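Student: The sequence and its predicted three-dimensional model are supplied below.
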Amino acid sequence: METAVTSKLKQLDEAIGRHVRPDTFPLGIRMLKPGEAVPEGLRIPSKSMGEHWIICQSIGVARRYGWGIAVGKEDVICPLSAIAFGFRKPNDEYLHGFASNGMYCENEDAAERLEAGVWRFEPGTYDYVCVAPLARAAFEPQVVAVYANSAQVMRLVNAALYTRGGRIESTTGGRLDCAEIVIQTMTTAAPKVIIPCNGDRVFGMAQDTEMVFACPWGFVDELLKGLEGTHKGGVRYPIPVAMRGTVTMPKHYQELLAMLEQRDQKPADEK
């Protein structure tokens, strides 16, 4: 039986498909608190497949395969995302930049500051992150995420600002985009634009042409209104390029056209 949530999910999926046309499934994401049951139909990699995944990989599978995925402490083998999502407590080595020093940063001080800027949930706040295509989600998401090219993301930004104006503000560290998509969006309760990180490109198969638009579930009505409103206002995807106007042809083409016009102006018995 269709509920208000499933109806809204389908409405949003259809609107994004019509106005944005992303190459992969738009996603709904939900964090489960301790004791919350994993929604029906979601695959837990360690239990369903005997595999251990990471969060960006799970997002990649969901948006490309169309699967619903739930991952928690026993599934996630990326220590950075496990710490960010609160599945594991950070240790001193992590806080002092052990994972970043010499890779992303030239020294420990820079590495500490990089880790300090990562969006994180408090340890133990949540047990699972659930992700599924919007039209197939068996849960009410807290975050909607769309991977798309820059023009499509621009289209979503235009829609997001249709009602309230202003600007979309996001922060990025060039890594742990899973935390920026989910934790930053939930923490700030505002739409975001995210650059896929190195891990997402390696393990989640994010392409060089892709970016991410994310927004809280509570923002969906504004986004729907904005997609329709900006469409009526002439903001479209694919972008309608300027193709009208008289173009300049090559010199030989111009000369040939002049010959044809000159011939056509002669009396019929002279042609």
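Tutor: Sure thing, it's come through.

Student: all helices for the stretch 101-250 of the chain, in order.
Tutor: Using DSSP state H, counting those that start in this stretch, the helices of the stretch 101-250 of the chain run over 108-116, 150-160, 177-179, 185-188, 198-203, 220-232.

Student: any idea which of these is most buried?
Tutor: helix 177-179 (a mean of 28; mean count of other CB atoms under 10 Å). Using the backbone N, CA and C atoms, a C-beta is placed for each residue, glycine as well.

Student: Could you name the helices and strands sitting against it?
Tutor: helix 55-65, helix 79-84, helix 198-203 (3 or more CB pairs under 8 Å, 6 or more residues apart in numbering; DSSP states H and E).

Student: For it, give the mean pLDDT please.
Tutor: On average, the pLDDT along helix 177-179 is 98.

Student: Tell me how far residue 83 lies from residue 74.
Tutor: Taking CB to CB, to the nearest Å as the measure, residue 83 falls 15 Å from residue 74.

Student: Of the two, give the one with the bigger neighbour count.
Tutor: residue 83 (24 against 14; other CB atoms under 10 Å).

Student: per-residue confidence at the more buried one?
Tutor: 98.

Student: so what's it closest to, chain neighbours aside?
Tutor: Spatial nearest neighbour of residue 83, chain neighbours left out: residue 90 (4.8 Å); criterion: CB to CB, 6 or more residues apart in numbering.

Student: Same check on residue 22?
Tutor: Closest residue to residue 22 apart from its sequence neighbours, by CB to CB, 6+ apart: residue 148 at 4.4 Å.

Student: Tell me what that neighbour is bridged to.
Tutor: residue 211 (DSSP bridges).

Student: thought it was touching residue 213?
Tutor: Yes: using CB atoms under 8 Å, residue 148 is in contact with residue 213, at 6.6 Å.

Student: and the residue nearest the centre of the chain, what is it in contact with?
Tutor: Computing the C-alpha centroid of the chain and ranking residues by CA atoms, centre = their mean puts residue 212 first, at 2.6 Å. By CB atoms under 8 Å, 6 or more residues apart in numbering, the contact list for residue 212 reads 145, 146, 147, 148, 153, 177, 181, 192, 193, 194, 195, 196.

Student: quick one: contacts for the nearest residue to it once chain neighbours are set aside?
Tutor: Nearest in space to residue 212, with sequence neighbours left out and distances taken as CB to CB, 6+ apart, is residue 194 at 4.1 Å. By CB under 8 Å, 6+ apart, residue 194 lies in contact with 170, 172, 177, 180, 181, 184, 211, 212, 213, 214.

Student: Of the residues you listed - the most surrounded one?
Tutor: Among the contacts of residue 194, residue 213 has more neighbours than the rest - 30 neighbours, counting by other CB under 10 Å.

Student: these two touch, right, it and residue 156?
Tutor: Yes: in this structure, residue 213 is within contact of residue 156 by CB under 8 Å, at 4.2 Å.

Student: Name the residues contacting each of the two.
Tutor: Applying CB under 8 Å, 6+ apart, one finds that residue 213 and residue 156 are jointly contacted by 146, 148, 191.

Student: quick check, nearest of these to residue 58?
Tutor: Set against residue 58, the nearest of these by CB to CB is residue 146 (16.4 Å).

Student: count of residues packed around that closest one?
Tutor: Residues contacting residue 146 under the criterion other CB under 10 Å number 25.

Student: go on, residue 91?
Tutor: 11.

Student: All further residue positions should be reported with the first residue as 53.
Tutor: With the count now opening at 53, the last piece we talked about shows up as residue 143.

Student: Distance check, it against residue 163.
Tutor: Taking CB to CB, one finds residue 143 at 14 Å from residue 163.

Student: Check residue 222 too.
Tutor: For residue 222, the distance to residue 163 - CB to CB - is 22 Å.
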